[in-house]
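# pasting the sequence and the predicted coordinates here, then a few questions.
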Amino acid sequence: MTLNQARKIVNLCAEQMRSRYQKAVFDEWAIVAIGGSGGTILDYTGPRKADFRENFLEDAGTLRASLLHSKHTIGDFEFSRNGVGSAFESFMVLGDGVYLICNNTVQSMDTISQNPRWLGAQVPFVELSDRVRSDPVVLS
């Protein structure tokens, strides 16, 4: 899929998760490209665009090693239970070197998951994962 198509399905996922959770699960969504020479923000929705770019490596927190050095396949995702504030809660592999970063700048994943609505809110996230497995993002 194209970057534009990815933007649309990520936005749809965010809306569906919000609807099922009855408030934003993640208030920060970013599609990033990470390669040998660094990273590029391809799309960002959230409250702190300038800070996101500036603090990316620090905010990756406990997900940093896995995000930057692990061999995940397309559609794989990870969550950090302890990310608070600007520390990322999750990432998903959208394509070769292309990642979706998900963050809640107020609550940790541990707090989010304590809400019983979290179970239903996960469904669109997993559907997004399945979608990119069958049609990964390709940057041209």
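Received, thanks.

# neighbours of Q22, just the number please.
One way to gauge burial is a neighbour count; for Q22, by other Cβ atoms under 10 Å, it gives 11. All C-beta atoms are positioned from the backbone trio N, CA, C, and that covers glycine.

# dump the residue contacts of it.
Going by Cβ atoms under 8 Å, 6 or more residues apart in numbering, Q22 touches R117.

# got the confidence number for it?
With respect to pLDDT, Q22 scores 97.

# which is the next helix or strand following the lowest-mean-pLDDT helix or strand in the chain?
In the chain, the helix or strand scored least confidently by mean pLDDT, DSSP states H and E is helix 64-69, which has a mean of 79. The helix or strand immediately downstream of helix 64-69 is strand 77-79, counting by DSSP states H and E.

# so which elements touch that following strand?
strand 90-95 (3 or more Cβ pairs under 8 Å, 6 or more residues apart in numbering; DSSP states H and E).

# which helix or strand lies directly C-terminal to the strand it packs on?
Toward the C-terminal end, the helix or strand that comes next after strand 90-95 (DSSP H and E) is strand 98-103.

# show me which residues of the following helix or strand past that following strand are buried.
Using DSSP H and E, the helix or strand that follows strand 98-103 in sequence is helix 109-114. For helix 109-114, a neighbour-count test (16 or more other Cβ atoms under 10 Å) marks 109, 112-113 as buried.

# what mean pLDDT does helix 109-114 get?
Averaged across helix 109-114, the pLDDT comes to 90.

# which strands or helices does the longest helix belonging to the chain pack on?
Here the longest helix in the chain is taken by residue count, with DSSP state H as the criterion, and it is helix 3-21. Helices and strands touching helix 3-21, by 3+ Cβ pairs under 8 Å, 6+ apart, are strand 28-35, strand 38-45, helix 118-134.
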